[in-house]
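[1] what follows is a predicted structure for the sequence shown.
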Amino acid sequence: MTTLVKICGLSTPETIAAAVQAGAAYVGLVHFPKSPRHVSVAKAAMLRRDLPESAGVVLLVVDPEPYALAEAIRVIGPRVVQFHGSEPPAVLARTRSEFGVEVWKALGVKDAAALDKAAPYHGAADRLLFDAPASALPGGNGEAFDWNLLRLYRGPTPWGLAGGLTPANVAEAIRLTGAPLVDTSSGVERSPGIKDMDKIAAFCKAARL
Ligand SMILES: O=C(O)c1ccccc1NCC(=O)[C@H](O)[C@H](O)COP(=O)(O)O
């Protein structure tokens, strides 16, 4: 089965084009001012405008105010909204029904018990993204968690694996977990917020092996 790839934290037309060209199914735009990858709503809309419909634009937010979220979705027009804070299932369900977007929920995985946090989101989320627990930032810290925790995971909601994935370790992560989608940010950067087109291509290639 083909593993879908999401490259997150993109902020230039060149690196987005490189991700699409390399076969990434999803490109992530981080709208969170404390992140080195933050893009304003206006910039996200500009980046989105030049993309083909086939590119899955994921707008990433952290505990957004309802008004600000509505405005961002209206102006940017993403295919997916990824919630990366402590949003309850009702926020995802409401966002999906009001705006007709896909909604994803990121969950930090510290131990096996952390996977129980997925249960309330079944039915409300279109995808769960299992990531390393929040540290300096809610996500995008380049830290991996113990992938063995997902070996036997069989939840009903489509899911993805994130956290410290790189061109060098992504094939092993897929082999161990069977992840249907892999997501990376720091692992394809030269420095925080600065994406590297060669690393993006290498990641997409390694995820296909
Ligand atoms: O990337 C960020 O700066 C970020 C900031 C705040 C919340 C989430 C953020 N990123 C979310 C992602 O989907 C990342 O791709 C995911 O956490 C994996 O990041 P990394 O470990 O750096 O590959």
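    Yes, it's here.
[2] element containing the residue in the chain positioned nearest to the ligand, please.
    Across the chain, the shortest distance to the ligand (Cβ to the nearest ligand atom) belongs to residue 140, at 2.2 Å. All C-beta spots, glycine's among them, are computed from the backbone N, C-alpha and C. Remark: residue 140 resides in no helix or strand, with elements defined by DSSP states H and E.
[3] pLDDT at it, what is it?
    pLDDT for residue 140: 96.
[4] and it, how far is that from residue 129?
    Noted for residue 140: a distance of 12 Å to residue 129, by Cβ to Cβ, to the nearest Å.
[5] cool, and residue 162?
    Distance of residue 162 to residue 129, given as Cβ to Cβ: 5 Å.
[6] rewinding a little: higher neighbour count, residue 140 and residue 129?
    residue 140 (28 against 24; other Cβ atoms under 10 Å).
[7] tell me the contacts of that one?
    Going by Cβ atoms under 8 Å, 6 or more residues apart in numbering, residue 140 touches 8, 9, 30, 35, 37, 185, 186.
[8] so who does the first one touch?
    Residues in contact with residue 8 (Cβ under 8 Å, 6+ apart) are 27, 28, 30, 37, 58, 60, 139, 140, 162, 183, 184, 185.
[9] surely the second one is within a strand?
    Yes - with the criterion set as DSSP: H, G, I helix; E, B strand; the rest coil, the secondary structure at residue 28 is a strand.
[10] enumerate every residue touching it.
    Taking Cβ under 8 Å, 6+ apart, we find residue 28 in contact with 6, 7, 8, 9, 10, 58, 60, 82, 183, 185.
[11] mind running it again at 7 Å?
    Residues near residue 28 by Cβ atoms under 7 Å, 6 or more residues apart in numbering: 6, 7, 8, 9, 10, 58, 60, 82.
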